[in-house]
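In: Fold the following.
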Amino acid sequence: MPKLKVNDIEIEVDDGLTVLQACEKAGAEIPRFCYHEKLSIAGNCRMCLVEMEKSPKPIASCAMPAAEGMNIKTNTPFVEKARKGVMEFLLANHPLDCPVCDQGGECDLQDQSMFYGVDKSRFKENKRAVPEKHMGPLIKTQMTRCIHCTRCVRFATEVAGVSELGAIGRGEDMQITTYLEQSMQSELSANVIDLCPVGALTSKPYVFEARPWELKKTETVDVMDAVGSNVRVDTYDWEVKRVLPIINEDINEEWISDKTRYACDGLLNQRLDTPFIKYNGKFEKASWSEVFKIIKSKFENSSKDKVCGFVGDLTNMETGYIFKEFFDRTLNNNNYDSRSDNRFLDNSERENYIFNSSINGIEDTDLIFLIGANPRYEATILNARIRKAFVNNNTKVISLNDVGDLTYPYKNLDGQTQTIKNIFEGSEEISKEIIRAIKPMIIIGESLLKFNSAEYLFNLIKNFLKKNNKFTEDWNPLNILSCDAATVGNFDLGILNSEKNLLEELKSNKFEIVFLVGQDNLEFNKKDEFIIYQGSHGDKGAEIADIILPGSAYTEQDGYFTNLEGKIQKAYKASYPPGEAKEDWLIINELAEVMNNRKLFNDKEELESSMFNYLKLKQEKQTYKNKEKINFKFQNEKLNIQLKDYYFSNVIARSSKTMIECNNSKLNIKSTGTEG
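Out: Okay, here's the model as predicted:
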């Protein structure tokens, strides 16, 4: 570990660190435009110049490795003069349009020109102008502002894995552009907006909406997929204006998917803001007391066995738990579930339905086997981690199916369930590769769990890994790739029925009352069922409902979510539900009071306390059941991966105009045949 001096402070740094990182460790702040911790070093903005003893010229600290005995100065007149010179060149061609630039208030160039800029320019020549580029419905370009830091190019190539962005021309004629005039074909494309240190790439849907100092900022959790990315929701007058990433190295690093960032405009559209009752096929507005009275009367006039309930994909854990308690304690029945399809689930152990190796663990693995999964569309951020593992460690990836471009190379097999059986019975070459791997990862997608042989194959895979000692104290190779934010939390809370198949009974029209909480994905033909729908948006569930109870979206209530790897995170309230809509847990609590003259819980704290006690007791009770003998049926089937439409995967995304534009943009590229 080399020792060096920074501003006369002696420090010791790890091998391979740069002078810039050494300076930061010593507490010296170094300005930069092109350097970024997650991207390769370009060294082309020269803003990070520092003085090094015995060097006649200033050095670019981002590109110089820290070495033994260096003596670095970061705040001498020599360094200041060099940085002022660099800033003068950067501003030589920069348009003076800060008042109309969306980056204003959070612009690196603005901030650093305050420190290192001068109040007049010595350049009298005409400023260079660059024509605007088309980068799709998400990214607004103003390329005259570009300072050629190439952060966007490096991100697209290295992190997103799409080599569609680059530099053409030389010298003053150099331009950053997509090689074909089309949008970037990546679900991570809008991260270049955060990376751009000037106003060259800004957010198209957010253009001219607000200034950063006018916004109220709330740190929360994303619910567009099961990854649980950490985000910041910015609101103006209780309207959600934008969603930005928060750095969390264990989950999303500092990236978020385009759906996470831009589906938020769906929070304004198709909203349910007052209770509704259906009369003669038409919805009419009603009061809360009216709808509660009707629901009470319906429950009282029905047999308890004829009532069932389903919890949806964006529902927070408190709502799921009070819904379960409502059925258990108020209705005295357990006809509830959170699955909208007949997928296999063995909830005797928690490891059977979570991503056990963890998102961070992807970087430690030496072999990844995808079975019935397409992580690019099912968990975009997780897919970026797999690409990172491939780029940094050359991790081998095998997929049972050919699932198209995953942004990294992989070996694909024939997609037959017989192939899975052969591999995990040990008769294939891949079986030996899994046995030889030190930390293999088997990633099972939801598509496999919907097949007839799911139980047989799941237990076969698990037993094969146990037999070959792949389960160790610090490594669990079995991973389930959940797609929805509420999936793991609902399974943890036991919101499922293992005694009978509720979906088949629902399709056979055996129930008189169906209570849906945020559940819009059920497919059944309604006959005489009385359907109560509680949710935030007028979507598929509300269409078939007889009574609508307006609930809250994830930004309008505090709530816990468990991500696919089993981490519980809290989403915080950033705005308020519209009109007469209420928080979801409160609606069920008030309904219980109408039915039984007493609430289930006195307040939210009591509900949370009861929920965490339940989770703790459940964890203590879990015991491992050895299923060595596999007597379940097997049949050879072609495994087709059933993906939700990426841009329309939930009620918020389906209500978003930006998601519609993204989908149309993708369809246009496919129809013109220019997809990368």
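In: Model confidence score at the closest residue to Glu637 other than its chain neighbours, please.
Out: Distances taken as Cβ to Cβ, 6 or more residues apart in numbering place Thr417 nearest to Glu637, at 4.9 Å, with adjacent residues excluded. (Each C-beta comes from the backbone N, C-alpha and C, glycine too.) Reading off the per-residue confidence, Thr417 sits at a pLDDT of 88.
In: give me every residue that touches Thr417.
Out: With Cβ atoms under 8 Å, 6 or more residues apart in numbering as the criterion, the residues that contact Thr417 are Phe451, Ser453, Leu457, Phe634, Gln635, Asn636, Glu637, Lys638, Leu639.
In: ditto for Ala92
Out: Residues in contact with Ala92, defined by Cβ under 8 Å, 6+ apart, are Ser121, Phe123, Glu125, Lys127.
In: of the residues you listed, closest to Leu413?
Out: Looking at the contacts of Ala92 and their distance to Leu413, the nearest is Lys127, at 56.7 Å (Cβ to Cβ).
In: correct me, but that closest one touches Asp97?
Out: No. Lys127 lies out of contact with Asp97 (Cβ atoms under 8 Å); the separation is 11.1 Å.
In: Run a quick neighbour tally on the closest residue to Met1 other than its chain neighbours.
Out: In space, Met1 comes closest to Glu12 once its chain neighbours are excluded; the distance is 5.1 Å by Cβ to Cβ, 6+ apart. Neighbour count of Glu12, defined by other Cβ atoms under 10 Å: 11.
In: Kindly report the same for the one 10 residues further on.
Out: Around Ala22 sit 27 other residues, with neighbours defined as other Cβ under 10 Å.
In: Surely it is in a helix?
Out: Yes. The secondary structure assignment for Ala22 places it in a helix, going by DSSP: H, G, I helix; E, B strand; the rest coil.
In: and stretch 353-368, which residues are buried?
Out: By neighbour count, with 16 or more other Cβ atoms under 10 Å as the criterion, the buried positions of stretch 353-368 are 353-359, 361-362, 364-368.
In: swap in stretch 467-478?
Out: Using 16+ other Cβ under 10 Å as the burial criterion, the residues of stretch 467-478 that qualify are Asn468, Lys470, Trp475, Asn476, Pro477, Leu478.
In: How about residues contacting the top helix by length along the chain?
Out: For the chain, the longest helix by residue count, based on DSSP state H, is helix 604-621. Outside of helix 604-621, the residues that reach it under the criterion Cβ under 8 Å, 6+ apart are 317-318, 321-322, 325, 350, 492-494, 558, 560, 585, 589, 600-601.
In: Give me the buried positions along that helix.
Out: Of the residues in helix 604-621, Lys604, Leu607, Glu608, Ser610, Met611, Tyr614, Leu615 count as buried by neighbour count, 16+ other Cβ under 10 Å.
In: returning to what we had before: just the contacts of Thr417: which are in helices?
Out: Counting by DSSP H, the members of the contacts of Thr417 that fall within helices are Leu457.
In: and which of the contacts of Thr417 is nearest Ile513?
Out: Each of these was checked against Ile513 using Cβ to Cβ; the closest is Phe451, at 31.6 Å.
In: count of neighbours near Tyr456?
Out: Taking other Cβ under 10 Å as the criterion, the count of residues near Tyr456 is 20.
In: And Leu272, by the same measure?
Out: Residues lying near Leu272 (other Cβ under 10 Å) number 24.
In: ok, now Ile246?
Out: By the other Cβ under 10 Å criterion, the neighbourhood of Ile246 contains 16 residues.
In: and if you look at Gln635?
Out: Using other Cβ under 10 Å as the criterion, Gln635 is surrounded by 10 other residues.
In: Work out the gap between the longest helix of the chain and the centre of the chain.
Out: Using Cα atoms, centre = their mean, to the nearest Å, we find the averaged C-alpha position of helix 604-621 to lie 26 Å away from the chain's own average C-alpha position.
In: cool, stretch 357-371 as well?
Out: 18 Å.
In: from here on, count from 48
Out: Happy to do that; since the first residue is 48 now, the last one works out to stretch 404-418.
In: Let's see the distance spanning it from one end to the other.
Out: Using Cα to Cα, to the nearest Å, the span of stretch 404-418 from its first residue to its last is 15 Å.
In: Stretch 84-96 too?
Out: Using Cα to Cα, the span of stretch 84-96 from its first residue to its last is 17 Å.
In: Report the mean per-residue pLDDT for that stretch.
Out: Taken as a whole, stretch 84-96 has an average pLDDT of 90.
In: tell me how far that stretch is from the chain's mean position?
Out: So, by Cα atoms, centre = their mean, the centroid of stretch 84-96 is 28 Å from its chain's centroid.
In: same thing with stretch 266-277?
Out: Stretch 266-277 sits 5 Å away from the centroid of its parent chain (Cα atoms, centre = their mean).
In: can you check stretch 514-523 too?
Out: The chain centroid and the centroid of stretch 514-523 are separated by 28 Å, computed with Cα atoms, centre = their mean.
In: Convert it to PDB, retaining C-alpha atoms only.
Out: The C-alpha trace of stretch 514-523 is given here as PDB (Å, rounded to 0.1, in the frame of the first residue of the first chain):
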ATOM      1  CA  LYS A 514     -26.000 -33.100  -2.600                       C
ATOM      2  CA  ASN A 515     -23.000 -31.300  -4.200                       C
ATOM      3  CA  ASN A 516     -22.500 -29.100  -1.100                       C
ATOM      4  CA  LYS A 517     -23.200 -25.800  -2.900                       C
ATOM      5  CA  PHE A 518     -25.100 -24.500   0.100                       C
ATOM      6  CA  THR A 519     -22.500 -23.100   2.500                       C
ATOM      7  CA  GLU A 520     -22.600 -20.600   5.400                       C
ATOM      8  CA  ASP A 521     -21.800 -17.700   3.100                       C
ATOM      9  CA  TRP A 522     -23.400 -18.800  -0.100                       C
ATOM     10  CA  ASN A 523     -26.900 -19.900  -1.200                       C
END
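In: quick one on the thing from earlier: by neighbour count, which of the contacts of Thr464 wins?
Out: Neighbour max across the contacts of Thr464 (other Cβ under 10 Å) = Leu504, 25 neighbours.
In: isn't that one right up against Asn469?
Out: No. Leu504 lies out of contact with Asn469 (Cβ under 8 Å); the separation is 11.4 Å.
In: just to revisit the earlier point, among the contacts of helix 651-668, which are located in strands?
Out: Applying DSSP state E to the contacts of helix 651-668, the entries found in strands are Tyr607.
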